[in-house]
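> Structure for the following, please:
(chains A, B and C)
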Amino acid sequence: MVLFGLFAKYDADAMPSGSEDSDYMTTKYPMFQDTHVMIFVGFGFLMTFLKRYGYSAVSVNMLLACFTIEWSIITNGLLSEAFDRDGKFTIGLDQLLSADFSAATVLISMGAMLGKFTPVQYLIMTLIETPVALVIEHHVINTFHVNDVGDSIVVHAFGAYFGLACSKGFASKKQRAHENEGSVYHSDIFAMIGTIFLWVFWPSFNSATAEPADSRQRAVCNTFLSLCACTIVTFLVSQATDRHKKFDMVHIANSTLAGGVAIGTIANVVLHPLHALIVGVIAGFLSVLGFKYITPFLSSRVGIHDTCGVNNLHGMPGVLAGLLSAIFVVIYNPSDYGKSLNSIYPAMQSHSNTEGISAESQAVNQLIGLGMVLVSSITSGLFTGVILRLKIFNQVREKEMYADDDYFDTPADYEFTTQRFVRLQKPLKQQESLST
Amino acid sequence: MVLFGLFAKYDADAMPSGSEDSDYMTTKYPMFQDTHVMIFVGFGFLMTFLKRYGYSAVSVNMLLACFTIEWSIITNGLLSEAFDRDGKFTIGLDQLLSADFSAATVLISMGAMLGKFTPVQYLIMTLIETPVALVIEHHVINTFHVNDVGDSIVVHAFGAYFGLACSKGFASKKQRAHENEGSVYHSDIFAMIGTIFLWVFWPSFNSATAEPADSRQRAVCNTFLSLCACTIVTFLVSQATDRHKKFDMVHIANSTLAGGVAIGTIANVVLHPLHALIVGVIAGFLSVLGFKYITPFLSSRVGIHDTCGVNNLHGMPGVLAGLLSAIFVVIYNPSDYGKSLNSIYPAMQSHSNTEGISAESQAVNQLIGLGMVLVSSITSGLFTGVILRLKIFNQVREKEMYADDDYFDTPADYEFTTQRFVRLQKPLKQQESLST
Amino acid sequence: MVLFGLFAKYDADAMPSGSEDSDYMTTKYPMFQDTHVMIFVGFGFLMTFLKRYGYSAVSVNMLLACFTIEWSIITNGLLSEAFDRDGKFTIGLDQLLSADFSAATVLISMGAMLGKFTPVQYLIMTLIETPVALVIEHHVINTFHVNDVGDSIVVHAFGAYFGLACSKGFASKKQRAHENEGSVYHSDIFAMIGTIFLWVFWPSFNSATAEPADSRQRAVCNTFLSLCACTIVTFLVSQATDRHKKFDMVHIANSTLAGGVAIGTIANVVLHPLHALIVGVIAGFLSVLGFKYITPFLSSRVGIHDTCGVNNLHGMPGVLAGLLSAIFVVIYNPSDYGKSLNSIYPAMQSHSNTEGISAESQAVNQLIGLGMVLVSSITSGLFTGVILRLKIFNQVREKEMYADDDYFDTPADYEFTTQRFVRLQKPLKQQESLST
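Below you'll find the predicted structure:
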């Protein structure tokens, strides 16, 4: 942990740029703030659903996000052209925004490992994951010119499969079917705070880096429509797959968001509202069925325990986004984008002396990008999980998995609110009948 | 429910417009997002106050809002000029914003019916209400040129009286004085999340469609002042009317917002801050007295059960807004608005060859608009309520009214958290005296 | 209370200005809304951490904020040049923003007195504090040309020391170590809603009045970096100072924000990211150590009971901000600011016929400003505390300190949720062993 002090100092090489014009601040700042809310409020509260892990969820979320933000600013700075040129890098709103995206990557991985790591282990995970994710993203975007406007490939898919691989590397039997792994009535409502803020601001997440304005508006509208369709499908499928035809709060809190991930990569690409709706519908299906059948299967058969179900919310929809991005680049006519083609698929733009690549090559590039992300995230995640399993790290005690008590001063009612009343159900019922 | 898939496809006729300029996105987007937060966070959490209905409140709120948004985009699209002309309609930020407003209408009606419908019944209600509300709004705004910038008439009054009429049509004795209809300590605090987000973003709601900039700023300031005045009055009246001089959380969670509704129609009209304050004061009075005397009266004598008290938060303040809009058009001098007159009262603007209508005619138009909304909302609401009462629809079981248990997988503590401890109060007291 | 009606009418002298241009609304409005969220959501929920005082925290927060906003608009209006000139003052977005800042001052003082005043006493406190704070601010900013962009001196330090002095004046033994003064598991999570919204929007708070755009971007980035550094340090120090190496939620909910206060005054001044990080680190240290050692000391030895620990979150970091502002004005070269110097240190700008003051004089001015704020806040706070202790005011009953029950209708579970289960821990354990 003490290492942090050293790294932070690298920032000294930087100087905030003073040349941004006023319009820029005006246009970008509200979208930056929306994203910022998603990271801290959205992810933070989404993870409070565990009955005994509420303090850790919001707090560790905050700690990791801050740590990642600084770590990401440094890494990104070292990768930047400006640093190459004169040994200094610039910090501005753009850098903070991209640091927020990095934080999302780490928080998604944290979701898979929720309740199984100590705070120090989370920090070490971050230390490894952030630079790998950023270097891969750098190559995917700058070498292969992949369009990933909502970062579904480089953030969501990367974060999810890093987390799942880490979980596999770190797996042990005692993590499964633990009595602390469940919610209470109010903890699920706290989680809905996170869900709804994520839901509401997702259009900003997907459009924050979209340029120019018409492309940004398209990103907002597509994300919005995809989320709406996904939400409705989530309710339908959640009810249809339940034995008693009830809804499941886990699906509602998570799968409703899958539409935002699935449309992410192509939010600025899709030109027909119907396509956005269809993407949302597929994402909703995939995500609820994932929670219902794939997560239990992974946990019991493959040994991949996924506390928050990030595979269903970020993983599969992220891969879907990658695949769709390869399909959509072929089926739409590039000339439909007019001048914005240059910012959507820069490699396809013809310049005075070089001709742009074909739509098919761009599609292949999109798939290469997706492949690189999957391979690198799984490899580095597995490595991280195995490392952190070593005895040299303090491990969470089995009894205190998915629980705050070892890491937080808890108030007097903690034990009662989160555990005892469940055991009490029977004796209380007896008392009642006696006293009435 | 399956019908939905068909309707959504109509959107295929649309294509997002790419011609919006950059300024537009910048100016509108933050206000759109604020409104979006109000619909999903604000309305969603405001309705979590029922102790056993928290899951349903946030979830069904989300489902209905999404459903209404898509349904409203389609309806509005079919009503639009562009569709008339070439059989396609455009989806952009403006359409999404107006869909959010439609969602508000439905969610207000949902407030009156909270805990009494099954999810399917809510969807059918939406299916009927949305097109009626939009067609009426279309006529009120375009035929009678009514100024209703904050949509207090066409959204708040319509939603409230549709809901109340529906409640009348659907009324049955067992809905009243049900033991589940009440709050617990933490559910009221959850509701305050909704209240405060609504309160904070209300100025954006009332000014989102105000044009030009000076009119928008006026809408913001008037709404802000009206809300402040209303909040203070709510506390005063709530305490004054209580036997033990205590505040009532129901008033604080709801009546503090009445100022935003009451100023809605005239937010861009009012030129003197004092008038905005007075509107707030009247709204606060009306709303608290409504909760205290009118809601119980309606429930026990008239047979209109109003779970959230939408009559007091949206209904009466909405009618007040309509009446005030007729008064203010007469008492202010139209020339005070300068160039913005055209966007406030387009019918009053003189053009090269036609003269604008007089202030008195505009006032009459405002009243006609209000009347149309009241008549249409009550008629269609009553019709909906009677239809949904038919045996062909599954009905909520009496025991599970205002409760989640029939529609959600609930965690182990649900029964205890939401019900049993109330019954336990006495035996626990005895134990305590024994054990100390 | 009735007095309010009279004051509000002064507003009648005003007329909203219609001349603001469109850009202005666009740039300012989102920042205004962010600040607005901080006041109502942030401060409101931050204070819900007390287990029995949740209703009061959010409600009285709302009441006081509204009251202060109106009172501050009037006071500021009377102090304005426009009022001097023609007996009327203008209300626009700027005035509302500055009213929100005033509300922050009062809510900080409320934090120190949380649970010890009746609503009427809070209102009287507001009545005294607001005009004093505004007159002092007026002199500090306009006479001494102090740069205090994030209002750390005139809002945070003033509010905190007013509150602490008031607490001293109002002190009585029974306020200390009261059994109601503590949290339950879910009340701390509610408080985190407040914390995170404050954290997320703090960059807007510090940059809302920064001009021009480059200065505003600097304010955003510095605040952001300072908060991140402060958060990480808070976790480290919180763990390091705990006997069992656990984190303390009180520190996490409060000290993580100290970085925003400490950078406030100099948010537009700091040119090196490293300096912003260092400020955050110092603030985090100071704040956690304050909670750990200074607050208990003040309470037991000096007789200053500080319910929310505002000394650690607003007081000491505010003074730190003042001291740093004097240091930074000297160590940076004024010419580095280019054209923005005029808006940062207007007194230092050379004009055609007068030369600007030196950096040293500006530094002295900053210290004079800080001194004025401390002296005036402590004097007026002490006075207020002593006055409010008089028997003519109803006082909170000892048993109902830090509790809602005397001021709110509480639901059936209130007693149980907030108190009884603590006492029950032992008998429940016995039952359990019996029944299993």
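
> what about A:Val261, distance to A:Thr223?
Distance, A:Val261 to A:Thr223, using C-beta to C-beta, to the nearest Å: 10 Å. (Each C-beta comes from the backbone N, C-alpha and C, glycine too.)

> Likewise for A:Pro212?
As for A:Pro212, its distance to A:Thr223 is 17 Å (criterion: C-beta to C-beta).

> Look at these two and report which has more neighbours.
A:Thr223 (30 against 18; other C-beta atoms under 10 Å in any protein chain shown).

> show me what contacts the more buried one?
A:Thr223 is in contact with A:Gly150, A:Trp202, A:Pro203, A:Phe205, A:Asn206, A:Ser207, A:Gly259, A:Gly260, A:Ile263, A:Gly264, A:Ala267, A:Ala276, counting by C-beta atoms under 8 Å, 6 or more residues apart in numbering or on different chains.

> any chance of those in CSV, plus distance to C:His138 and secondary structure?
Formatted as CSV, those follow (distance: C-beta to C-beta, whole Å; DSSP: H, G, I helix; E, B strand; the rest coil):
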residue, distance to C:His138, secondary structure
A:Gly150, 47, coil
A:Trp202, 44, helix
A:Pro203, 42, helix
A:Phe205, 42, helix
A:Asn206, 45, helix
A:Ser207, 42, helix
A:Gly259, 52, helix
A:Gly260, 47, helix
A:Ile263, 51, coil
A:Gly264, 50, coil
A:Ala267, 48, coil
A:Ala276, 53, helix
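
> For these, pick the one with the most neighbours.
Busiest of the contacts of A:Thr223 [other C-beta under 10 Å] is A:Ile263, holding 37 neighbours.

> got the contact list for that residue?
A:150, A:152, A:206, A:222-223, A:226-227, A:270, A:276, A:279-280, A:283, A:321.

> can you pull the contacts of the residue nearest to it when sequence neighbours are not counted?
For A:Ile263, ignoring the flanking residues on the chain, the nearest one in space by C-beta to C-beta, 6 or more residues apart in numbering or on different chains is A:Ser226 at 3.9 Å. Applying C-beta under 8 Å, 6+ apart to A:Ser226 gives the contacts A:Gly259, A:Gly260, A:Ala262, A:Ile263, A:Ala276, A:Leu277, A:Val279, A:Gly280, A:Ala283.

> For burial, what's the neighbour tally of whichever residue of the stretch 251-400 of chain A sits closest to chain B?
Using C-beta to the nearest C-beta, A:Leu274 is the residue of the stretch 251-400 of chain A that sits closest to chain B, at 3.9 Å. Burial measure for A:Leu274: 17 neighbouring residues, criterion other C-beta under 10 Å.

> Tell me where the stretch 51-200 of chain A has strands.
Taking DSSP state E, counting those that start in this stretch as the criterion, the stretch 51-200 of chain A carries no strands.

> before we move on, back to that, could you dump the contacts of A:Ser226 to TSV with pLDDT and distance to C:Ala412?
Listed next are the contacts of A:Ser226 as TSV, based on pLDDT from 0 to 100; distance: C-beta to C-beta, whole Å:
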residue	pLDDT	distance to C:Ala412
A:Gly259	95	40
A:Gly260	95	40
A:Ala262	96	45
A:Ile263	95	46
A:Ala276	89	47
A:Leu277	88	46
A:Val279	93	47
A:Gly280	93	42
A:Ala283	96	43
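
> for the stretch 51-200 of chain A, what are the low-confidence residue spans?
Counting by pLDDT under 70, the stretch 51-200 of chain A contains low-confidence ranges at A:82, A:86-87.

> one more time with 90, if that's ok
A:51-52, A:70-71, A:73-96, A:142-144, A:171-185 (pLDDT under 90).

> got the residues of the stretch 51-200 of chain A near chain B?
Contact residues, the stretch 51-200 of chain A versus chain B (C-beta under 8 Å from any C-beta of the partner chain): A:51, A:182-186, A:188-189, A:192-193, A:196-197, A:199-200.

> wait, is the residue nearest to A:Ile263 part of a helix?
Yes: A:Ser226: assigned to a helix according to DSSP: H, G, I helix; E, B strand; the rest coil.

> follow-up on the earlier one: identify the contacts common to A:Val261 and A:Thr223.
Common neighbours of A:Val261 and A:Thr223 (C-beta under 8 Å, 6+ apart) are A:Gly150.

> In the longest helix belonging to chain A, which residues are buried?
Counting by DSSP state H, the longest helix found in chain A is helix A:359-388. For helix A:359-388, the neighbour count (16 or more other C-beta atoms under 10 Å in any protein chain shown) marks A:359, A:362-363, A:365-366, A:369-370, A:372-374, A:376-378, A:380-385, A:387-388 as buried.

> average pLDDT across that helix?
Here helix A:359-388 scores 94 as its mean pLDDT.

> That one packs against which elements?
Contact here means 3 or more C-beta pairs under 8 Å, 6 or more residues apart in numbering or on different chains; DSSP states H and E; on that basis helix A:359-388 packs against helix A:119-142, helix A:158-170, helix A:316-331.

> Which one of those lies nearest to chain C?
Nearest of these (C-beta to the nearest C-beta): helix A:119-142, 7.5 Å.

> List the buried residues in that closest one.
A:119, A:121-134, A:136-137, A:139-141.

> Phi and psi next, for whichever residue of the stretch 251-400 of chain A sits closest to chain C.
Per C-beta to the nearest C-beta, the residue of the stretch 251-400 of chain A with the smallest distance to chain C is A:Asn394, at 10.2 Å. Main-chain torsions, A:Asn394, degrees, to the nearest 10: phi -60, psi 140.
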